[in-house]
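Student: need a structure here:
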Amino acid sequence: MNDYSNLAIGVLALSTVVSAGLAAYWRHELKKTREELTETRSQLILEQQKPLLDKLRENTTSFFGHIRG
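Tutor: The predicted structure follows:
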């Protein structure tokens, strides 16, 4: 083989390794971002439900307090 063939094979091998590395990196970043978004979504849901849960707790306490009292 001539030098250009070896160079072409080397460039192809290097680009394959770089592509695989970038793909692995982006998969990792996407997974991390998905986990962060899931956590943020869970926190937002809890914040939205907190007033409802507080009201439910208040009403339940009042109801059972009325029954006992």
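
Student: counting contacts, what elements does the host helix or strand of residue 24 pack onto?
Tutor: Per DSSP states H and E: residue 24 is located in helix 3-68. Applying 3 or more Cβ pairs under 8 Å, 6 or more residues apart in numbering; DSSP states H and E, we find helix 3-68 packed against no helix or strand. Glycine gets a C-beta too; all of them are placed from N, C-alpha and C.

Student: now find how far off-centre it is within its chain.
Tutor: 1 Å (Cα atoms, centre = their mean, to the nearest Å).

Student: tell me the mean pLDDT over it?
Tutor: The average pLDDT for helix 3-68 rounds to 93.

Student: start the count at 31, not 1, going forward
Tutor: Renumbered: residue one is now 31, and that last one reads helix 33-98.

Student: residue 75: neighbouring residues, count only.
Tutor: For residue 75, the count of nearby residues is 10 (other Cβ atoms under 10 Å).

Student: cool, and residue 34?
Tutor: Residue 34: 8 neighbours (other Cβ under 10 Å).

Student: could you measure from it over to residue 44?
Tutor: Residue 34 is 15 Å from residue 44, where distance means Cβ to Cβ, to the nearest Å.

Student: one more: residue 92?
Tutor: Where residue 44 is concerned, residue 92 sits at a distance of 72 Å (Cβ to Cβ).

Student: next one: residue 78
Tutor: Taken as Cβ to Cβ, the span from residue 78 to residue 44 is 51 Å.

Student: go on, residue 81?
Tutor: Counting by Cβ to Cβ - residue 81 and residue 44 are separated by 58 Å.

Student: try residue 54
Tutor: 16 Å.

Student: do residue 91 as well
Tutor: 69 Å.

Student: next one: residue 59
Tutor: Applying Cβ to Cβ to residue 59 and residue 44 gives a distance of 22 Å.
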